[in-house]
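>>> Dropping a prediction and its sequence here:
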Amino acid sequence: MIKIGIVIGSTRPGRKAEAVARWAFDIARKRKDAEFELVDIAEFNLPLLDEPMPAMFGEYSHDHTRVWSAKIASFDGYVFVTPEYNHGTSAALKNAIDFLYQEWTGKAAGFVAYGATMGIRAVENLRLVLAELQVATVRAQVGLSLFTDFEKFSVFKPAETHEKHVNDMLDQLIAWSGALKSLRSK
């Protein structure tokens, strides 16, 4: 069975990412074609990148990195739930990604983003980062507007049409994750 991690990509107090990720998870777990798990980067307490060796070597000197590595390595694909801050993803998510290399490689990723412009620039930022890690990103993505999908910019109330967008993204993500899993096993 394909395993997909839904990564909560913000650690900010009052963050919206957790509500958005739980909503996406509730949609995803209705499916029978993959297993899904919420992964909250806040629970891993990752400091600003503190490994002395580049991640591509996989030589981790800190327990927090080894725990993070084991969690991320257990998945075939990822849904990154990201806010858009200053035309990019959150620093916490970028930092969490930078801790690892091989654990991401040869897998697939999809996106659920939110912000004033539906998180579009945060996703484009992540696509560049993930390309360097050899992660295949799917075309379909979910964009949520702070103006229309959040009551008073804070309470998450997504339009019903977004559920279809989540499933479209998951269809692509699961297909790519399965294809890449067979390649990784060779």
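Received it, and whenever you're ready, just let me know what you need.
>>> Go through this protein and flag its longest helix.
helix 162-184 (DSSP state H).
>>> quick one: stretch 70-80 to chain centroid distance?
The chain centroid and the centroid of stretch 70-80 are separated by 9 Å under CA atoms, centre = their mean, to the nearest Å.
>>> Same check on stretch 66-75?
Taking the mean of its C-alpha atoms, stretch 66-75 sits 14 Å from the chain's own mean (CA atoms, centre = their mean).
>>> average model confidence for it?
Predicted confidence along stretch 66-75 averages 98 (mean pLDDT).
>>> which residues in the chain form strands?
All strands of the chain, identified by DSSP state E, fall at 3-8, 35-40, 77-83, 108-115, 136-137, 142-145, 150-151, 155-156.
>>> Enumerate the positions of the second one that are buried.
Buried residues in strand 35-40, defined by neighbour count with 16 or more other CB atoms under 10 Å: Phe36, Leu38, Val39, Asp40. Quick note: C-beta positions are derived from backbone N, CA and C, even for glycine.
>>> The first one and Ser74, how far apart?
Pointing back at Phe36 there. With the distance defined as CB to CB, to the nearest Å, Phe36 ends up 12 Å from Ser74.
>>> which residues are in contact with both of the two?
Common neighbours of Phe36 and Ser74 are listed as Lys3, Gly5 (criterion: CB atoms under 8 Å, 6 or more residues apart in numbering).
>>> Now distance to Phe57 too, for the buried residues of strand 35-40, in TSV please.
As requested, the buried residues of strand 35-40 are arranged in TSV below (distance: CB to CB, whole Å):
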residue	distance to Phe57
Phe36	31
Leu38	29
Val39	23
Asp40	27
